[in-house]
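Peer 1: sequence first, predicted model second:
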Amino acid sequence: MKVLTFTLGPLTTNCYLVWQDGATPALLIDCAGDAIDILNAIDDRELELRSIVITHGHADHIEGLGDLQRETGAEVAVHEQDAPMLSDAYLSGAAMLGYPQPRVEPSRLLDEGDVVHLLGTSIDLTVLHTPGHSPGGICLLGERVLFSGDTLFAGGIGRIDLPGGDPRAMSASLKRLMELDSDLIVHPGHGPATTIGEEREGNPWLDEF
């Protein structure tokens, strides 16, 4: 699995382009900032974007979603509980933050245990429903990799004081992630990559839960 990280937008949000070496289909995890940066990277590598998976519906993770979906025709997948955020500037926080609101109708509603398969490759990502930061927040578990959205960061966790935040749900989600393999590489929604083992040993926020 090849992973290209983009850090885009005013809140330095991470997006991840995922594909298999030697194959052209690709998927994108979250869509921050201006879609042109992502489109250029896809064109430079001669890839075909098939799917855009949203880890949660906050404005900084979907800013470029409308433009990218129109340009590529890729399906848009999001957890059913966060799906309304893709078309509502108040639910997503876009109205408060001054972000553009994409107003996208998702192609696929995700839930716990669903598998996102990238056709034409051997890439499968399993959906883990990890609410706490938002009701429909998800992580995506692949082979030796976890895309953690805004649930878990290197040395931090997602905020629980925003609309839809839930401390009890976040506690359960974090405990679940800490049961995963220590050497699992974690690609978070903000900040640098880490591993489950590093966070289990040294993340001070986990002591609060």
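Peer 2: Ah, there it is. Numbers count the residues shown, from 1 in each chain.
Peer 1: alpha carbons of stretch 15-23, as PDB, please.
Peer 2: Taking Å, rounded to 0.1, in the frame of the first residue of the first chain, the C-alpha atoms of stretch 15-23 are listed here in PDB:
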ATOM      1  CA  CYS A  15      -5.600  13.900   3.900                       C
ATOM      2  CA  TYR A  16      -4.300  10.600   2.600                       C
ATOM      3  CA  LEU A  17      -4.100   9.300  -1.000                       C
ATOM      4  CA  VAL A  18      -3.900   5.500  -1.000                       C
ATOM      5  CA  TRP A  19      -3.100   3.200  -3.900                       C
ATOM      6  CA  GLN A  20      -1.300   0.000  -4.700                       C
ATOM      7  CA  ASP A  21       2.100   0.100  -6.500                       C
ATOM      8  CA  GLY A  22       1.600  -0.900 -10.100                       C
ATOM      9  CA  ALA A  23      -2.100  -0.200 -10.200                       C
END
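Peer 1: okay, now Tyr100: neighbour count?
Peer 2: Not quite, residue 100 is Pro, not Tyr. By the criterion of other CB atoms under 10 Å, Pro100 has 14 neighbours. Every C-beta, even on glycine, is put in place using the N, C-alpha and C of the backbone.
Peer 1: host element of the closest residue in space to it that isn't next to it in sequence?
Peer 2: Excluding the flanking residues, the one nearest Pro100 by CB to CB, 6 or more residues apart in numbering is Glu63, at 6.2 Å. Applying DSSP states H and E as the criterion places Glu63 outside every helix and strand.
Peer 1: look up phi and psi at Glu63.
Peer 2: phi -50, psi -40 (degrees, to the nearest 10).
Peer 1: separation between it and Gly98?
Peer 2: When distance is defined by CB to CB, to the nearest Å, Glu63 is 11 Å away from Gly98.
Peer 1: and Gly120, by the same measure?
Peer 2: Applying CB to CB to Gly120 and Gly98 gives a distance of 39 Å.
Peer 1: ok, these two, which is more surrounded?
Peer 2: Under the criterion of other CB under 10 Å, the comparison of Gly120 against Gly98 puts Gly120 first, with 14 against 9.
Peer 1: ok so the more buried one is a strand residue?
Peer 2: No - using DSSP: H, G, I helix; E, B strand; the rest coil, the secondary structure at Gly120 is coil, not a strand.
Peer 1: what residues sit buried inside the helix or strand of the chain with the lowest mean pLDDT?
Peer 2: Least confident helix or strand, the chain: helix 94-97 with a mean of 92, by mean pLDDT, DSSP states H and E. Going by neighbour count (16 or more other CB atoms under 10 Å), the buried part of helix 94-97 is Ala94.
Peer 1: so Val18 makes contact with Met1?
Peer 2: Yes - Val18 lies in contact with Met1 (CB atoms under 8 Å); the separation is 6.3 Å.
Peer 1: phi and psi next, for the most centrally placed residue in the chain.
Peer 2: Computing the C-alpha centroid of the chain and ranking residues by CA atoms, centre = their mean puts Thr55 first, at 3.2 Å. Backbone torsions for Thr55, taken as degrees, to the nearest 10, come to phi -70, psi -30.
Peer 1: measure it to Asp43 for me?
Peer 2: Distance, Thr55 to Asp43, by CB to CB: 24 Å.
Peer 1: ok, Met85 touching Gly57?
Peer 2: Yes - in this structure, Met85 is within contact of Gly57 by CB under 8 Å, at 2.7 Å.
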